[in-house]
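*Asks:* sequence and computational prediction follow.
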Amino acid sequence: ERSFSVKSVSSRKRNHELKFKQPPTSQSISGILEPTSFEEGKVAALLARSNLLITRDIEWANLVLGFEQENRYAVVDVCYPEAPVGFIREQSNVIARQLLRLRRPFVALITDGLGNELFRIHRPFWWITSSIYAEINGKEIGVVHRRWHLWRRIYDLYLGDVQYAVVENPGFWNWTFTLKDIDGNVLAEIDRDWRGFGFEVI
């Protein structure tokens, strides 16, 4: 005969909740970094981190057959690599993905590590230059416009109607993107590292 105590069940429940606890922020959000609006406060748990690593899950159908599937990414704080601090998941039409490929329209949901939606971005179909819009609870909070250039990748970042930064990349096979403010000061860098054939395939 088996019996279960209330204490043991409660203990297991607490352990289960602790297992999925969101890692603490690795960057202080006090002083000038302290959120000053509801929107800033909502994304602070994900973005108040000094070093983020974003990894993509590549499906075998995409790799072997070239079948475009919805992209999925995990966001990891390198200071707390044990569990993701967020996820990014694309939502798009299956036919549009196959026909339009990189130019397809999509919506991407950005969540915290527990699956709670923080904000979403959407990109309409584009032909020459693209734009991406970020919104929280249906309110547009920012826009990124790609500037046309023959070989360089340049993105203008806006909060409302005011440009506050630009992302620059030399183009060709260079995968380092530099984020600068409107005065040209470097704010951050984004690197896309090739980790070797085995890592990229698996």
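*Replies:* That came through, no problem. In this text, all values refer to a predicted model and were calculated from it rather than measured experimentally.
*Asks:* from now on I want contacts and neighbour counts done on CA atoms only, so please keep to that.
*Replies:* Will do.
*Asks:* gap between the strand or helix carrying residue 76 and the chain center?
*Replies:* Assignment of secondary structure by DSSP states H and E places residue 76 within strand 72-77. In terms of C-alpha atoms, centre = their mean, to the nearest Å, the centre of strand 72-77 is set 7 Å apart from its chain centre.
*Asks:* mean confidence for the helix or strand just after that strand?
*Replies:* Past strand 72-77, further along toward the C-terminus, the next helix or strand under DSSP H and E is strand 86-91. When the per-residue pLDDT values of strand 86-91 are averaged, the result is 97.
*Asks:* which strands or helices does strand 86-91 pack on?
*Replies:* Helices and strands touching strand 86-91, by 3 or more C-alpha pairs under 8 Å, 6 or more residues apart in numbering; DSSP states H and E, are strand 72-77, strand 106-112.
*Asks:* can I get those strands in JSON lines with mean pLDDT and distance to residue 61?
*Replies:* Formatted as JSON lines, the entries for those read as follows, by pLDDT from 0 to 100; distance: least, C-alpha to C-alpha, whole Å:
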{"stretch": "strand 72-77", "mean pLDDT": "95", "distance to residue 61": "14"}
{"stretch": "strand 106-112", "mean pLDDT": "97", "distance to residue 61": "20"}
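*Asks:* distance to residue 85 and mean neighbour count added to those, as TSV?
*Replies:* Formatted as TSV, the helices and strands packed on strand 86-91 follow (distance: least, C-alpha to C-alpha, whole Å; neighbours: other C-alpha atoms under 10 Å):
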stretch	distance to residue 85	mean neighbour count
strand 72-77	5	20
strand 106-112	6	20
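*Asks:* and residue 169, which of those is closest to it?
*Replies:* The stretch from the helices and strands packed on strand 86-91 with the least distance to residue 169 (C-alpha to C-alpha) is strand 72-77; that distance is 22.0 Å.
*Asks:* direction included, what does the closest one pair against?
*Replies:* With DSSP bridges as the test, strand 72-77 is paired with strand 52-57 (antiparallel), strand 86-91 (antiparallel).
*Asks:* could you point out which of those sits nearest residue 163?
*Replies:* Residue 163 lies closest, by C-alpha to C-alpha, to one member of the strands paired with strand 72-77: strand 52-57, at 23.7 Å.
*Asks:* show me what whichever strand or helix holds residue 143 is packed against.
*Replies:* Here residue 143 sits within strand 139-147, counting by DSSP H and E. Identification of packing neighbours for strand 139-147 by 3+ C-alpha pairs under 8 Å, 6+ apart yields strand 131-136, strand 153-159.
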